[in-house]
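Colleague: Just need the structure, nothing else, for what follows:
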Amino acid sequence: MNEERDDEVVDEQAAPDVAPEPSQPSETTLRWLRTSLAGLALLTSLAFAVSTEQAWEDFFINYRHSENLVEGKGLTFNEGTRVHGFTSPLATLAAAGARALTGPAEPGTVLWVYRVPSLLAHAAALALLLLALHRAGMRSILGTVLVGGLYIIDTKSLAFSVNGMETGFLLFFLAGALAVLCSGVVGRERWLGACWAGLMWTRPDGCVLIAAMGLAVLLFSERPRRELFTALVKAALTCTVLYLPWFVGAWWYYGSPVPHPVVAKAARSQGLLATLSQLDELLPQLAFLHLPPYAWSYPLRWVQIWEAGVLGAVGCLGFLWRGAPLGVRRVSFCALIGVLYLTFIPLRYPWYYPATFLCTLAVPGWLVGAIDWYLWRDRLLRTMLVVGVVVVLLGLLPAALDYHSTAKQAQRINDGGVRTEVGRWLAENTDPTHRVFGEPAGYVGYYSERRLVDYPGLVSPEVVAVRQEKDDPSFVVEQLRPEWLVLRPHELASIHQKLGTWLETEYVRVVRFDASGAWPQELRDRFPSVRYDARFEILGRRDVAAGVGER
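Modeller: Next comes the predicted model:
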């Protein structure tokens, strides 16, 4: 026995050193990192709100419904007509709650009360997403920093969680659902169903994300699919129970559970072949996921476009990698469905992108985490990986800063300036029974307190009815003959070209608003599109404009 032990001792001493396996961060470390990044996201969004005071056009569409509800005029835009002119019940009711708390205060004060839960939801969404990825097996500090950094500098998620839109709530419920997908659906059906219901309360196209998640669970599974299907049915039943009150109530109150903006936008739908022909727009959508709102109007460098495109493609196609964790593959598949949805719908607005963007972060984060684990013994290669992550984040940061600078000026000059002034001028110089035609239904509609006949008809069923015959703003004007027209110069030129003498006979230009000169020259040179909402002309029908006089 002693000899055997001696031999063992000799063997142990003679054996070469074996490097230990890399150790993963502790749960305490990961929890601290999630909390820190969520806190940084909260501070960043708060700083953006304070600096820009951005209040989005659509917030005022929702808020007019909210204010009418609190004042007892009904949950509608134009008093006396029940129109479901908003898409987010949760955002509209939250704004109504904020209005009830503040009383008859300025919209800016109400918006700040609304921002509190929205900003908290935006920060919590990042914490939930990181929790989902950690449960899926991505426990790298570097991968976590990459995901958190990309989320924090994404101006779409940040801005539309700040400016009165529903994006913060949408991200929160989606991140909660993704956490269930990464942790396992069986046994968590009620949580998943509750998150699904939150998505439906937040946006009507939440059903697209719900369908994508259900399909992802069935396609990528380790359990029997019958068991998973049963779990999904239970989650769907929970979702139905929680969303049904609004669905039934909206159907009873408005005559349809479908929001009118969806009806108005659907009027532009194309046939199947035309829709499929839009597949060539898939690649740009991948890049737009990681770029600022209306990125095509920015002087982006080709490196930024390629970087954003690669991140989007990796995030959407990562489910094809069989070696990726199950949860990551599910989330990546949801990203693909999201970008296909963005590709094929006729109208894409920047606040549609954050939900899909959130899903694309899973694969880059896991990929960096996997590489980090593999290279842990090579200090040089790990340093190169760290530098690569820093370069990726710094590469997208200038575009985010550009958006911040333009958003700050746009709120001061265009939105809080010209569009607000247009609305107030209409309130002071027109009759309360008059109708106003124009595209910006938010600021102009709210501050004018007039009946909006907007194009494409987000709050105006009569416009949608006319568009069924011919989808053209000039045709709408000709058929409805509203008392007042609020048009940008290029819109007026287009209508004048088509209506010509009839427009000159029926309408007279009353006043022009032009604040394009207030924009700093440097920003006007770099971003020519900033003048888009800086110039408006108001035309009055001759039989009502005589008392106002041409200016």
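
Colleague: center of this structure - which residue?
Modeller: Taking CA atoms, centre = their mean, the centroid of the chain lies closest to W351, which sits 2.6 Å from it.

Colleague: how much space between the nearest residue to that one once chain neighbours are set aside and D415?
Modeller: Closest residue to W351 in three dimensions, ignoring its sequence neighbours and counting by CB to CB, 6 or more residues apart in numbering: F160, at 4.4 Å. From N, CA and C alone the C-beta is placed, and that goes for glycine too. Summarising the geometry, the distance separating F160 from D415, computed by CB to CB, to the nearest Å, is 14 Å.

Colleague: The two - which one has more neighbours?
Modeller: For the pair F160 and D415, the greater number of neighbours falls to F160 (28 against 22), based on other CB atoms under 10 Å.

Colleague: can you tell me which helix in the protein is longest?
Modeller: Longest among the helix segments of the chain by residue count, using DSSP state H, is helix 379-410.

Colleague: Dihedrals phi and psi, the closest residue to L487 other than its chain neighbours?
Modeller: Ranked by CB to CB, 6+ apart and with sequence neighbours excluded, the top spatial neighbour of L487 is E537, at 5.5 Å. Comment: the main-chain dihedrals of E537 come out as phi -120, psi 140, following degrees, to the nearest 10.

Colleague: Could you check how far E537 is from V314?
Modeller: When distances are taken as CB to CB, E537 and V314 turn out to be 47 Å apart.

Colleague: ditto for A546
Modeller: As judged by CB to CB, A546 and V314 stand 63 Å apart.

Colleague: With F288 instead?
Modeller: In this view, F288 and V314 are 15 Å apart by CB to CB.

Colleague: Give me the mean pLDDT for the helix or strand containing G97.
Modeller: Using DSSP states H and E, G97 maps to helix 89-102. What helix 89-102 shows for mean pLDDT is 97.

Colleague: do the same with stretch 139-154
Modeller: The model assigns stretch 139-154 a mean pLDDT of 95.

Colleague: Give the buried residues for that stretch.
Modeller: Within stretch 139-154, the residues scored as buried using 16 or more other CB atoms under 10 Å are 139-140, 142-154.

Colleague: D514 against R488, yeah?
Modeller: No. D514 is beyond contact range of R488, at 10.7 Å (criterion: CB atoms under 8 Å).

Colleague: Pick the one among the buried residues of stretch 139-154 closest to V50.
Modeller: Using CB to CB, I152 comes nearest to V50 of these, at 16.3 Å.

Colleague: Next secondary structure after the helix or strand containing the closest one?
Modeller: Using DSSP H and E, the secondary-structure element containing I152 is helix 141-153. Note on helix 141-153: by DSSP H and E, the next helix or strand toward the C-terminus is helix 155-162.

Colleague: Comparing D514 and R488, which shows the higher neighbour count?
Modeller: Neighbours of D514 and R488, each counted by other CB under 10 Å, are more numerous for R488; the result is 18 against 13.

Colleague: Quick one: mean pLDDT for stretch 204-222?
Modeller: Model confidence over stretch 204-222 averages 94 on the pLDDT scale.

Colleague: ignore the last one, stretch 456-473
Modeller: According to the model, stretch 456-473 has a mean pLDDT of 92.

Colleague: So for that stretch, what gets flagged as buried?
Modeller: 456-461, 463-464, 466-467, 473.

Colleague: and if you look at stretch 417-425?
Modeller: Buried residues in stretch 417-425, counting neighbours by 16+ other CB under 10 Å, are found at 417-423, 425.

Colleague: that older thread, mind pulling up the pLDDT for the residue nearest to the centre of the chain?
Modeller: The model's pLDDT for W351 equals 93.

Colleague: so it makes contact with T167?
Modeller: Yes. Using CB under 8 Å, W351 is in contact with T167, at 5.5 Å.

Colleague: Need the overlap of contacts for these two.
Modeller: The overlap between the contact sets of W351 and T167 (CB atoms under 8 Å, 6 or more residues apart in numbering) consists of 156, 160.

Colleague: residues touching L37, list them.
Modeller: With contacts defined as CB under 8 Å, 6+ apart, L37 is in contact with 126-127, 130, 144-145, 148, 151-152.

Colleague: and with 10 Å instead?
Modeller: L37 makes contact with 123, 126-127, 129-130, 144-145, 147-149, 151-152 under the criterion CB atoms under 10 Å, 6 or more residues apart in numbering.
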